[in-house]
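Colleague: pasting a predicted model and its sequence here:
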Amino acid sequence: MSEPGGARYRVKPGGSVSGTLTVPGDKSISHRALMLGALAEGDTHISGFLAGEDCLATARALQGLGVHVERPQDTQVLVHGVGANGLAAPQAPLDMGNAGTAMRLMMGLLAPQKFDSTLVGDASLMRRPMERVAVPLQMMGARIHTHEGRPPVQIRGTPHLRAIHYSLPVASAQVKSAVLLAGLAASGRTHLTEPVPSRDHTERMLGAFGVQLAHEGRSIAMEGGQRLRATQVSVPADFSSAAFFLVAGCLAADRPLTLTNIGVNPTRTGLIELLRRMGADIRLHPHAVSGGPNPEPVADIEVRRSALHGITVPEALIPASIDEFPVFFIAAACASGETLVRGALELRVKESDRLATMAVGLGQLGVEHQLLPDGLWIRGAEGLSGATIDSCGDHRIAMAFAVAALRARAPIEIRDVANVATSFPGFAGTARGAGLRIEAL
Ligand code: S3P
């Protein structure tokens, strides 16, 4: 589970970033490609797969359900689909590691099976809320038990689920996706309405696997009982991993920094809008659209050092930038003036409480800030102090503070960084290549 060489980063202050780089494959899309590939009839070929610990946990769980998954190369996967009724009872609880997405989507996939199953995870995942997924699945007739809303999740397989009309109380792609996965096996037409659109990778990918899905106003609707046909999935580089270099570029790209082959699904790229509102110079060079229904849009992204100023984040942009707030807060800490984020309660239930963890670290860097129940107020600083920061085992917190070193006056050391391998294997090497003075210890 660790970055080569250990579990700490030491990042020397200052430096600049430039050049051309790419980042590993998209985590959300890699999870979905494995799961839909498993449910499909035929062999699904995945290229650009994220060989990070989270997606490997999904692959192992599917193997535990009798699916043959081959990985001829690090980023190439061949899933031998077993079809809608082909999964087999697991011999042991399925361990989803640190991966919230994997656990929540698997709940939807496992609820309609003819066998029972149990989902567990690491210490962080065992603290995360699962009731938000269990509730709509129970409305469909699923028998799911959590431990006071948290894992272990015990699923009594129930092959005859009923489709529901469900209005999601929070914008959550994981809840939406779990209901869609269960809805595939349910009788009737599943209708979902979201308060604000969340990432739509599941809908796009279901289309690629031959499933008909209708957009009806702000709702999506899908008939149960549809079969999935195996396909080829080309996973773009993960925008959420590129985000660290987008902010690094704003802070320190004296010459342009170009990130290639990045997924720019509009339900994911809220950070570009936020940084542009702060004054960032970010240019997109879209790739030609490849075939298939609803393919994922891809672009090269060019960023230059820019004088950032603080903003008030519009709540409507939060779902499309939800995973980028750790590094966005670093941008705010280095901007002139004040930045305010409200309505971001979801950040408290990610891999760590990202509002609290970021507030502690920003304080250590000498940044004036106020932790709010559902957000953070930050006054940008000229330069940041050095510090030793505890990432609390949260991969995105660890990478965000590595970026902060570009504007620090003394080294920043970051503890407990092994989980960076869940989403961005090789981060330290890629960051060093871009110009960060980072060592993995
Ligand atoms: C994800 C959805 C988001 C996001 C997570 C990945 C997904 O979570 O934060 O990192 O792949 O569906 P929510 O669904 O809880 O918003």
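Modeller: Received it, and whenever you're ready, just let me know what you need. None of the values given here were measured: they were computed from a predicted structure.
Colleague: in the protein, which helix or strand is least confident?
Modeller: Within the chain, no helix or strand scores below strand 214-216, which has a mean of 90 by mean pLDDT, DSSP states H and E.
Colleague: that one pairs with which strands, parallel or anti?
Modeller: strand 219-223 (antiparallel) (DSSP bridges).
Colleague: dump the partner strand to CSV, restricted to CA.
Modeller: C-alpha atoms of strand 219-223 as CSV (Å, rounded to 0.1, in the frame of the first residue of the first chain):
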residue,chain,number,x,y,z
SER,A,219,-34.1,12.8,-13.7
ILE,A,220,-32.6,9.7,-15.3
ALA,A,221,-34.7,6.6,-16.0
MET,A,222,-33.6,3.1,-16.7
GLU,A,223,-35.6,0.0,-17.4
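Colleague: I'd like the next helix or strand past it.
Modeller: Once strand 219-223 ends, the next helix or strand along the chain (criterion: DSSP states H and E) is strand 232-234.
Colleague: strand partners of that next one, parallel vs antiparallel please.
Modeller: Its sheet considered, strand 232-234 pairs with strand 41-47 (parallel) by DSSP bridges.
Colleague: contacting residues around the strand it pairs with?
Modeller: Around strand 41-47, the neighbours that count as contacts under C-beta atoms under 8 Å, 6 or more residues apart in numbering are 30, 33-34, 36-37, 75-81, 83, 227-235. For every residue, glycine as well, the C-beta is placed using N, CA and C.
Colleague: redo that, cut-off 10 Å
Modeller: 25, 29-30, 33-34, 36-38, 55, 68-73, 75-84, 86, 208-210, 227-235 (C-beta atoms under 10 Å, 6 or more residues apart in numbering).
Colleague: what's the ChimeraX line that selects buried ones from these?
Modeller: Here is the ChimeraX command that selects only those of the contacts of strand 41-47 that count as buried (16 or more other C-beta atoms under 10 Å):
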select :25,29,30,33,34,36,37,38,55,69,75,77,79,80,81,82,84,208,209,228,230,231,233,234,235
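Colleague: now, the contacts of strand 41-47 that are in strands?
Modeller: 68-73, 76-82, 232-234 (DSSP state E).
Colleague: closest to the ligand among these?
Modeller: The ligand lies nearest to V233 out of these, by C-beta to the nearest ligand atom, at 14.6 Å.
Colleague: show the contacting residues for the nearest residue to Q226 once chain neighbours are set aside.
Modeller: Nearest residue to Q226, sequence neighbours excluded (C-beta to C-beta, 6 or more residues apart in numbering): V211, at 4.8 Å. By C-beta under 10 Å, 6+ apart, the residues touching V211 are 36, 40, 180, 184, 202-203, 205, 222-223, 226-229, 293.
Colleague: and those as a markdown table, adding distance to A51 and pLDDT?
Modeller: Below are those laid out as a markdown table (distance: C-beta to C-beta, whole Å; pLDDT from 0 to 100):
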| residue | distance to A51 | pLDDT |
| --- | --- | --- |
| L36 | 18 | 98 |
| A40 | 21 | 98 |
| L180 | 26 | 98 |
| L184 | 27 | 98 |
| T202 | 21 | 98 |
| E203 | 25 | 97 |
| M205 | 19 | 98 |
| M222 | 30 | 98 |
| E223 | 35 | 98 |
| Q226 | 30 | 98 |
| R227 | 29 | 97 |
| L228 | 24 | 98 |
| R229 | 26 | 98 |
| P293 | 27 | 70 |
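Colleague: quick one: name the residues of the stretch 51-200 of the chain near the ligand.
Modeller: Contacts of the stretch 51-200 of the chain with the ligand, taken as C-beta under 6 Å from any ligand atom, map to 101, 172-174, 177, 198-199.
Colleague: again, only this time at 5 Å
Modeller: 101, 172-174 (C-beta under 5 Å from any ligand atom).
Colleague: can you pick the most crowded of the contacts of V211?
Modeller: Compared across the contacts of V211, T202 has the highest neighbour count, 28 neighbours, by other C-beta atoms under 10 Å.
Colleague: return the distance of the least confident helix or strand of the chain from the chain's centre.
Modeller: On the basis of C-alpha atoms, centre = their mean, to the nearest Å, strand 214-216 sits 25 Å off its chain's mean C-alpha point.
Colleague: what does stretch 241-255 give?
Modeller: Relative to its chain's centre, stretch 241-255 lies at 19 Å (C-alpha atoms, centre = their mean).
Colleague: repeat that for stretch 56-63.
Modeller: 17 Å.
Colleague: which residues are in contact with the closest residue to C55 other than its chain neighbours?
Modeller: Among residues not flanking C55 along the chain, S30 sits closest, at 4.4 Å (C-beta to C-beta, 6+ apart). Each residue near S30 by C-beta under 10 Å, 6+ apart is listed here: 24, 46, 48-52, 54-56, 58-59, 75, 77, 101, 201, 233, 235, 238.
Colleague: hmm, back to that, name the surrounding residues that touch the least confident helix or strand of the chain.
Modeller: Outside strand 214-216, the residues touching it (C-beta under 10 Å, 6+ apart) are 189, 191, 193, 200, 203, 220-223.
Colleague: and which of the residues you listed is nearest to the ligand?
Modeller: Using C-beta to the nearest ligand atom, the contacts of strand 214-216 come closest to the ligand at D200, 9.8 Å.
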